[in-house]
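In: Sequence and predicted model, in that order:
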Amino acid sequence: MATVTRKMVEDAGVDVEHLIDLMVKNAAAELTTFYYYTILRINLIGLKGEGIKEIAETARVEDRNHFEALVPRIYELGGKLPESMVDFHNISGCPPAGLPDDPKDVNAMLTVLVEAERCAVRQYTHICNLTAGKDHRTYDLCLAILNEEIEHESWFSEFLGEGPSGHFLRRGETSPFVSKFLR
């Protein structure tokens with residue numbers, strides 16, 4: 001644990017235990033979403049499903065990257081991950097992004113995907129609001145993740161016909177905002 005780091009965050013007025021709790025729940029959401037998106041992506045078949053598969057894959061890989069980027073900060077602040085994967089899954093800050101009842105219903109699949117992203121946007125916005133001007137490192141990390149989650153939501157919402165977002169699929173690059181935390 002980075003003792004001075006934690007003290008500086010506490011002295012700035014952040015409830016570090018609450019922040020750690022939120023970050024662990026978000027890490028759980030990212031890892032479980034990576035898992036569930038794997039299953040969703042495999043089931044995106046047929047003419048409609050194949051068009052979404054690449055975007056689902058990008059979001060899946062980036063969610064894994066978000067998990068990898070969050071873990072060091074959790075430990076820097078004196079937190080830790082649960083020892084049990086079952087416990088970790090069950091504290092996820094967002095509900096599981098499981099297959100819909102009819103996995104051939106592409107719109108139902110898109111609804112699962114977009115709702116998972118909307119939950120993530122809410123979670124990271126909350127952490128950014130808690131840490132803005134107080135915990136610069138956590139704020140920067142969560143803002144980077146938030147930027148990617150907003151793009152994921154935009155991609156899926158466009159497929160649902162909710163309107164244009166102005167965001168484009170990344171070619172050959174994943175996690176452009178979070179990559180600096182993965183070095």
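Out: Okay, I see it.
In: going on from the longest helix along the chain, what's the next piece of helix or strand?
Out: Secondary structure of the chain per DSSP state H: the longest helix is helix 46-76. Using DSSP states H and E, the helix or strand that follows helix 46-76 in sequence is helix 85-90.
In: Which positions in the stretch of helix or strand residue 17 belongs to come out as buried?
Out: Assigned by DSSP H and E, residue 17 belongs to helix 16-43. Across helix 16-43, burial judged by 16 or more other Cβ atoms under 10 Å covers 16, 19-20, 22-37, 40-41, 43. No exception for glycine: its C-beta is placed from N, CA and C like everyone else's.
In: ok, back up a step: the longest helix of the chain - contacts with which helices or strands?
Out: helix 16-43, helix 106-131, helix 136-159 (3 or more Cβ pairs under 8 Å, 6 or more residues apart in numbering; DSSP states H and E).
In: and the longest one, what's its mean pLDDT?
Out: Put plainly, it is helix 16-43. Helix 16-43 carries an average pLDDT of 97.
In: And it, what does it pack against?
Out: Helix 16-43 packs on helix 3-11, helix 46-76, helix 85-90, helix 106-131, going by 3+ Cβ pairs under 8 Å, 6+ apart.
In: okay, those in a markdown table with mean neighbour count and mean pLDDT next?
Out: Converted to a markdown table, these look like this (neighbours: other Cβ atoms under 10 Å; pLDDT from 0 to 100):
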| stretch | mean neighbour count | mean pLDDT |
| --- | --- | --- |
| helix 3-11 | 14 | 95 |
| helix 46-76 | 19 | 94 |
| helix 85-90 | 12 | 97 |
| helix 106-131 | 20 | 97 |
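In: Out of the ones you listed, which is closest to residue 174?
Out: helix 46-76 (5.1 Å; Cβ to Cβ).
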